[in-house]
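[1] coords please:
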Amino acid sequence: MTAQLRLRYGPPGLALTLTQTDVPVPKDDEVLVRVRASSVNPADWYNIRGKPILVRLGGSGFFRPKSPLAGSDVSGLVASVGKDVKEFHAGDEVFGICSGSYAEYVTVPEKDLALKPPNLSFEEAAAVPLAGLTALQGVRTKGNLQPGQKVLIHGASGGVGTFAVQIAKALGGTVTAVCNSDKVDLARSLGADQVIDYSRQDFAQTDTKYDLVVGVNGRRRIGDYLRILVPEGHCVYIGGTMRQAVGLLMFGKLRSSVRTGRLRFFIMSATKDDLMFLRQLVVDGKVKPVLDQNFSLSAVPGALEYLHAGHVRGKVSITVP
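    Numbers count the residues shown, from 1 in each chain. Below is the predicted model of the structure:
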């Protein structure tokens, strides 16, 4: 099969190699998926670059990658299943989280897959898992958003942000989206009740208070978010800078107790229940992925560079022929 393999750390054009390799064999609890589409995520960029250093310290391999596999989102057709798999059968259309989806075939644990929503294309379905689950857990699990509460989403036009706006609305929140001027119409189309163009207005200087603030790669100081929280409100960081992460780890509890806001910085951990909940939102038409551009499997390095440039509206998909 053809696959983009990560043989070293570095820029995607140097670190990834399009090559022929063996089709993987599924373990007893795994599904072999004939990949039809994938997508690119900031996490993929960091894992391929090997930066920040925490990526390597987290078990990826310090001097070189332990595994050559790259790509986290998948949608496609079940080719075969392990002997313990009960839910899926050959020919089923599926989507989910995996390791190694920049390839024609990938093995995926049964628990990390669900049937593809019938109202999505393979490219749309592949855009959902990682970003959608991150947004769901940020808004619902960590943010504890309740119907009628006010939520501000800073970074509302990217992959996670576009899902966060829609999920917050689906959960009954009153949503304020913060984005650049060229993406204001996109945020409104996703259902945002109010849109703030950050090039014209500083959300941290307004008098409005929010029950939940979600900072998606927001690159704003902790104090800016705490300033607009109601007492006992929640602030959830998704992505962002190393400085923010260190600040939260070192001073988060202290600042939280002083300002009464509750700070959360988390890394998404996929669960079957969350994947099924997200799937139902998509099937019901409450959440729909936003696709910016589509690239071929051979052009994955270019797709990652395009993502990293920071101007993507929603998600970038990969078609596997």
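
[2] Residues contacting the host helix or strand of residue 14, please?
    Taking DSSP states H and E as the criterion, residue 14 maps to helix 12-15. Contacts with helix 12-15, where a contact means Cβ atoms under 8 Å, 6 or more residues apart in numbering, come from 6, 7, 8, 9, 45, 48, 49, 300, 301, 302, 304, 305. Where C-beta positions appear, they are placed from N, C-alpha and C, glycine not excepted.

[3] And what about the closest residue in space to residue 298 that isn't next to it in sequence, helix, strand or coil?
    Excluding the flanking residues, the one nearest residue 298 by Cβ to Cβ, 6 or more residues apart in numbering is residue 18, at 5.6 Å. For residue 18, the secondary-structure state derived from DSSP: H, G, I helix; E, B strand; the rest coil is strand.

[4] Pull up the per-residue confidence for residue 18.
    Note for residue 18: predicted pLDDT of 97.

[5] quick one on the thing from earlier: in the helix holding residue 14, what counts as buried?
    Within helix 12-15, the residues that count as buried by 16 or more other Cβ atoms under 10 Å are 12, 15.

[6] from the chain's centre, how far out does it sit?
    Relative to its chain's centre, helix 12-15 lies at 22 Å (Cα atoms, centre = their mean, to the nearest Å).

[7] Then stretch 168-185?
    Put simply, stretch 168-185 sits 17 Å off its chain's centre (Cα atoms, centre = their mean).

[8] Which ones among the contacts of helix 12-15 lie within helices?
    45, 48, 49, 300, 301, 302, 304, 305 (DSSP state H).

[9] Just the buried ones out of the residues you listed, please.
    Buried residues within the ones in helices among the contacts of helix 12-15, counting neighbours by 16+ other Cβ under 10 Å: 45, 48, 49, 300, 301, 302, 304.

[10] Farthest-apart pair in those, please.
    Spatial extent of these (Cβ to Cβ) is set by the pair 49 and 302 at 15.1 Å.

[11] quick one: contacts for residue 5?
    16, 17, 19, 21, 68, 69, 70.

[12] Let's see the pLDDT reported for it.
    The model's pLDDT for residue 5 equals 96.

[13] Who does it form a beta bridge with?
    The partner list for residue 5 in beta bridges (DSSP bridges) reads residue 17.

[14] From residue 283, how far off is it?
    Distance, residue 5 to residue 283, by Cβ to Cβ, to the nearest Å: 35 Å.

[15] got a markdown table for the contacts of helix 12-15, with distance to residue 211 too?
    Below are the contacts of helix 12-15 laid out as a markdown table (distance: Cβ to Cβ, whole Å):
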| residue | distance to residue 211 |
| --- | --- |
| 6 | 41 |
| 7 | 47 |
| 8 | 45 |
| 9 | 41 |
| 45 | 32 |
| 48 | 37 |
| 49 | 36 |
| 300 | 39 |
| 301 | 41 |
| 302 | 41 |
| 304 | 36 |
| 305 | 38 |
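
[16] That concludes my questions; thank you for your assistance.
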